[in-house]
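[1] After the sequence you'll find the predicted model.
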Amino acid sequence: MLKLSEAAARDIEILFERSINDFGIGQAEVYYSSLKNCLELLDNNPQMDITKHLDE
């Protein structure tokens, strides 16, 4: 299960609220769902995280 830091969770909440204001609730929900799916994919497949390999 994905565990976000408080700061990350707050950032996502702000992004969601801004998306509602800018694009409407429907598009904000699509964006949030896509973001959640990407984060879960990275959580379940840590080898996909390219930032771990930037210093190599």
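    That came in fine, so what should we check first? Numbering: from 1, shown residues only.
[2] C-alpha from now on. contacts and neighbour counts both.
    Will do.
[3] list the buried ones in the helix ranked longest in the chain?
    Residue-count comparison of every helix in the chain, with assignments taken from DSSP state H, identifies helix 25-44 as the longest. Of the residues in helix 25-44, those scored as buried under the neighbour-count criterion (16 or more other CA atoms under 10 Å) are 28, 31-32.
[4] Those residues into a markdown table, with extra columns for pLDDT?
    What follows is these, written out as a markdown table (pLDDT from 0 to 100):
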| residue | pLDDT |
| --- | --- |
| Ala28 | 98 |
| Tyr31 | 96 |
| Tyr32 | 96 |
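[5] Can you pull out the low-pLDDT segments for the chain?
    Within the chain, the segments meeting pLDDT under 70 span 1, 52-56.
[6] Distance check, the residue most central in space within it against Gln27.
    By CA atoms, centre = their mean, the chain has its centre lying nearest to Leu35, at 3.9 Å. Per CA to CA, to the nearest Å, Leu35 is found 12 Å from Gln27.
[7] and what of Ser19?
    According to CA to CA, Ser19 and Gln27 sit 7 Å apart.
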